[in-house]
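# show me how the following folds:
(one chain, ligands or ions: 1)
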Amino acid sequence: MIQTINTILNDGLQVIQSAKSQKELLDAKVAVLGKNGSLTSILRNLKSFSAEERPIAGKLVNEARGKLEQAFATKFEELKILELTARLEKEKIDITVPSQKRNMGRLHPMNVVKAKVLEYFVSMGFTVDESPEIETDRYNFDMLNTPVDHPARNLQDTLFVTDKILLRSQTSAGQIRKMEKTAPPIKMVSPGRVYRADEIDATHTPCFHQVEGLVVDKGITMCDLKGILSGFARYFFSADTKTRFRPSHFPFTEPSVEVDASCSACGGKGCRVCKGTGWIEILGAGMVNRNVLSGCGIDPDVYTGFAFGMGLDRITAILYGINDARVSFEGDIRFLKQFD
Ligand code: PHE
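Model (predicted):
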């Protein structure tokens, strides 16, 4: 009997010593001192001992229990410190490690330029009305006074989805959509992508960007066109920028003009950017053709208007010194990173 108790005590002490975690230790404690533990069961069986043995056994069991509990408590504290130290070690943060650089998003130069263009017109009271990139030939050509047999259709050859649906070749389609649903006075700009059949290389792309403008009201004249567009050139490039209006032709405006701004790179003296001319062509414009107004249900004897279409890619390229037209729609991250 004494031996059994000693064995339980020694085994118990050994298990305690070798426990590697608090959990292991608690399991061991239950196995010896728990309700059904080995030492507890001896106490429970005291009856089976003889009258002389009983007090001795009881005393021994209690001594053993005391020693074991003491050992458990000591080991428990020891393990607690060990486990805490290990956890602290594992969760240690080295605050001297350099942080990872975050990739910040930024606006594409095309969008920066677009925003600057819109800023001017919005400040002059224009609304911004975008229109679809996939258009009908009715809006892209017919209603713009460009019937099926008109030669201007060849100049603006684009990708046809069906024979009536195409990728718009000009934002001018947006003029018609606006005039059909809004009665004058109208003052709107319409930015967006346009498409034309073209091989891709550094100076040609089948996709580029325009901002369309349209003003329709009573008494609008060529003076308004010149004033608004000259003001734009001064706002966009610099206060001393000059403008030049050359006669041109568009089926949907009459008269039509091509507008040049004095070169912002050389101040008009002539350089590589303006190919020695001192001028940069920035847009096409004109007084809205009577046929276009009446086609949209606007009486051309009461209302007049002017329209313009500006290419964004070239002015962006000039401002940012970009020499490859493809970057304007490719979204190449290496190109964009230059402006971080
Ligand atoms: N849509 C014409 C083009 O793409 C530009 C333009 C717009 C001209 C409005 C006159 C008026 O070339």
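
# checking Glu63 next. Helix, strand or coil?
helix (DSSP: H, G, I helix; E, B strand; the rest coil).

# how many residues are close by it?
Neighbour count of Glu63, defined by other CB atoms under 10 Å: 12. The C-beta positions use only the backbone N, C-alpha and C, and glycine is treated the same way.

# contacting residues around His209?
Met110, Lys114, Pro191, Gly192, Arg193, Val194, Gly311, Leu312, Asp313, Ser328, Phe329 (CB atoms under 8 Å, 6 or more residues apart in numbering).

# hmm, I typed the wrong one, I wanted Glu53.
Met1.

# what of Ala28?
So Ala28 contacts Gly12, Val15, Ile16, Ala19, Phe72 (CB under 8 Å, 6+ apart).

# distance check, the most centrally placed residue in the chain against Arg272.
Central residue of the chain (CA atoms, centre = their mean): Gly105, 6.7 Å from the mean position. Remark: distance between Gly105 and Arg272 (CB to CB, to the nearest Å) = 33 Å.

# likewise for Ile81?
76 Å.

# any regions of the protein where pLDDT drops low?
By pLDDT under 70, the low-scoring segments of the chain are 340.

# from it, which residue is nearest to the ligand?
The nearest approach of the chain to the ligand comes at Gly309, 2.7 Å away (CB to the nearest ligand atom).

# contacting residues for Arg314?
Ile280, Glu281, Ile282.

# and Phe329, by the same measure?
Listed by CB under 8 Å, 6+ apart, the contact set of Phe329 reads Arg193, Thr205, Cys207, Phe208, His209.

# what about it, helix or strand, and which?
Element membership of Phe329, judged by DSSP states H and E, is helix 327-330.

# buried ones in the helix or strand following that helix?
Once the chain leaves helix 327-330, the next helix or strand it forms, by DSSP H and E, is helix 333-337. Residues of helix 333-337 classed as buried by neighbour count (16 or more other CB atoms under 10 Å): Phe335.

# please enumerate the helices of this structure.
With DSSP state H, the ranges of helices along the chain come out as 2-18, 22-33, 38-44, 53-90, 109-123, 137-140, 152-155, 173-181, 222-236, 290-295, 312-320, 327-330, 333-337.

# quick check, the residue of the chain closest to the ligand in contact with Leu283.
Yes. If you go by CB atoms under 8 Å, Gly309 and Leu283 touch, sitting 6.2 Å apart.

# returning to what we had before: ok, which of the contacts of Phe329 also contact the ligand?
Residues shared between the contacts of Phe329 and the neighbourhood of the ligand: none [CB under 6 Å from any ligand atom].

# residue contacts, the nearest residue to Phe308 once chain neighbours are set aside?
Excluding the flanking residues, the one nearest Phe308 by CB to CB, 6 or more residues apart in numbering is Ala285, at 3.6 Å. For Ala285, the contacting residues are Gly213, Leu225, Leu229, Thr253, Ser256, Val257, Glu258, Val259, Phe306, Ala307, Phe308, Gly309, by CB under 8 Å, 6+ apart.

# now the closest residue in space to the third one that isn't next to it in sequence: how far from Ser172?
Of all residues not flanking Leu229 in the chain, Val259 sits nearest, at 5.6 Å (CB to CB, 6+ apart). To Ser172, Val259 is 16 Å away according to CB to CB.

# of the two, which one has the most company?
Taking neighbours as other CB under 10 Å, Val259 and Ser172 compare with Ser172 leading, 30 against 24.

# and the gap between the more buried one and Asp137?
13 Å.

# of all the helices of the chain, which one comes closest to Leu166?
helix 137-140 (6.0 Å; CB to CB).

# which helices and strands does the closest one pack with?
strand 165-167, helix 173-181 (3 or more CB pairs under 8 Å, 6 or more residues apart in numbering; DSSP states H and E).

# that helix close to the ligand?
No. Helix 137-140 is not in contact with the ligand by CB under 6 Å from any ligand atom; minimum separation 9.7 Å.
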